[in-house]
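> dropping a prediction and its sequence here:
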Amino acid sequence: MLDVFDQRFAQVAHGAGELERLCTGAIWSEGPVWMHEDDSVLWSDIPNNRMLRWSQQGGLSVWRDQVEFTNGHTREADGSLLHCSHGLRAIVRTRFDSGLTNARDEIVVSHYQGRRLNSPNDVVVKSDGTIWFTDPPYGIASDAEGHQAESDIGRCCVYRFDPASGSLRQASDWLEEPNGLAFSPDESVLYVSDTSAALRTEGGGHHHLVAFDVTEQGDLENPRIFAEVSPGLPDGFRLDQHGFLYTSSADSIQVYHPDGTRVARIAVPEKVGNLCFGGQQRNQLFIAASSSLYRIRLSTRGMQTP
């Protein structure tokens with residue numbers, strides 16, 4: 001069910017399709033990414049240490065097994081696939097030949113100032129080619145989604161990596177446990193979620209979205225709380241061409257206007273981990289939720305590259 005609370009979202013909701021469950025069989029689904037070359041979605045089933053694939057023609061299959069607990073994914077402009085590896089504590093790149101053949105993996109970055117990263121969680125690529133990612137502790141907190149270990153760095157940060165120069169720098173340490181992240185359509189704002197409530201068995205912690213201004217030099221300034229998300233956590237999110245932000249929560253996709261107003265809610269029958277836009281027109285919202293992959297068609301285009 002799609003509930004609209006603000007008429008500014010009505011144009012997107014107009015003609016929207018029903019929520020479809022495309023497939024099921026995972027333990028915890030995360031990090032979906034659209035592969036336009038063969039009209040498929042790849043995503044992580046983290047506890048099973050594998051990546052799954054769905055296509056309209058082939059249905060559900062295992063794309064890769066024993067993947068070192070990958071979490072978030074995104075694409076680079078040349079079509080390469082970036083992974084956040086909990087197990088390797090690194091950003092990993094998969095390069096392809098034409099038609100997604102001859103896949104080859106390489107470590108992009110795994111250390112900051114000689115110390116291992118915690119467990120990269122989510123990643124986005126800016127139009128200038130820089131790679132931005134979050135580094136919370138979830139992959140080293142236990143062996144369930146990685147390899148239990150102490151943090152070498154001692155804090156959780158947002159990082160910016162420049163492939164052209166090979167430089168890695170901390171873009172922000174303002175958040176307690178940064179998780180999902182995405183740029184506004186004009187890349188003037190970077191949204192990052194803080195989900196420190198995730199591991200707090202006694203309660204407390206954060207479950208909000210933070211907005212940063214992005215300077216021309218690639219610095220983050222003016223952090224402010226954009227939205228408090230409940231029930232559950234804003235684990236992962238993406239934006240569309242209008243700047244609407246679509247975020248996960250415990251029971252739905254919640255949609256926010258750029259001014260922070262919640263404008264809509266898409267009910268989902270399972271706990272949502274993450275989402276992405278796809279389809280040839282980028283008007284299909286794919287939702288990774290617990291055991292299943294869902295889809296809903298909307299009257300908009302997602303900010304999905306390539």
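In hand now; what should we look at? Numbers count the residues shown, from 1 in each chain.
> tell me how many other residues surround the nearest residue to Asp219 once chain neighbours are set aside.
Distances taken as Cβ to Cβ, 6 or more residues apart in numbering place Ala171 nearest to Asp219, at 7.3 Å, with adjacent residues excluded. C-betas here are computed from N, CA, C, even on glycine. Residues lying near Ala171 (other Cβ atoms under 10 Å) number 24.
> how about the helices in the chain?
All helices of the chain, identified by DSSP state H, fall at 10-13.
> which regions of it lie under the pLDDT threshold?
For the chain, no stretch has pLDDT under 70.
> circling back: from Ser252, how far off is the residue nearest to Asp219?
Taking Cβ to Cβ, to the nearest Å as the measure, Ala171 and Ser252 are separated by 30 Å.
> can you check Val41 too?
According to Cβ to Cβ, Val41 stands 20 Å off from Ser252.
> with Ala90 instead?
When Ala90 is compared with Ser252 (using Cβ to Cβ), they lie 32 Å apart.
> of these two, who's got more company?
Ser252 (23 against 20).
> was I right about that one contacting Glu270?
No: taking contacts as Cβ atoms under 8 Å, Ser252 lies outside contact range of Glu270: 10.4 Å.
> the residue nearest to Met1 when sequence neighbours are not counted: what's it in contact with?
Nearest residue to Met1 in three dimensions, chain neighbours excluded: Ala267, at 4.6 Å (Cβ to Cβ, 6+ apart). Neighbouring residues of Ala267 by Cβ atoms under 8 Å, 6 or more residues apart in numbering: Met1, Leu2, Asp3, Leu19, Asp251, Ser252.
> by neighbour count, which of those residues wins?
With neighbours defined as other Cβ under 10 Å, the most crowded of these is Ser252; it has 23 neighbours.
> beta partners for it?
Going by DSSP bridges, Ser252 is paired in beta bridges with Ala267.
> OK, contacts around it?
Going by Cβ under 8 Å, 6+ apart, the list of residues near Ser252 reads Arg265, Ile266, Ala267, Val268, Val272.
> then Leu209?
Here Leu209 is in contact with 191-194, 225-227, 229, 234, 237, 245, 247, 256 (Cβ under 8 Å, 6+ apart).
> swap the cut-off to 6 Å and go again
With contacts defined as Cβ atoms under 6 Å, 6 or more residues apart in numbering, Leu209 is in contact with Tyr191, Ser193, Phe226, Ala227, Pro234.
> okay, how far is it across stretch 38-53, tip to tip?
11 Å (Cα to Cα, to the nearest Å).
> just the buried positions in that stretch, please.
Within stretch 38-53, the residues that count as buried by 16 or more other Cβ atoms under 10 Å are 40-46, 48-53.
> quick one on the thing from earlier: quick check: the residue nearest to Met1 vs Ile131, distance?
As judged by Cβ to Cβ, Ala267 and Ile131 stand 34 Å apart.
> cool, and Trp174?
For Trp174, the distance to Ile131 - Cβ to Cβ - is 19 Å.
> so between those two, which is more surrounded?
Ile131 (21 against 14).
> correct me if wrong: that one contacts Phe161.
Yes: taking contacts as Cβ atoms under 6 Å, Ile131 lies within contact range of Phe161: 4.4 Å.
> tell me the contacts of the residue nearest to Asp219?
The contact partners of Ala171, by Cβ under 6 Å, 6+ apart, come to Val158, Arg160, Leu220.
> go again with 8 Å.
Taking Cβ under 8 Å, 6+ apart, one finds Trp132, Cys157, Val158, Tyr159, Arg160, Gly218, Asp219, Leu220 in contact with Ala171.
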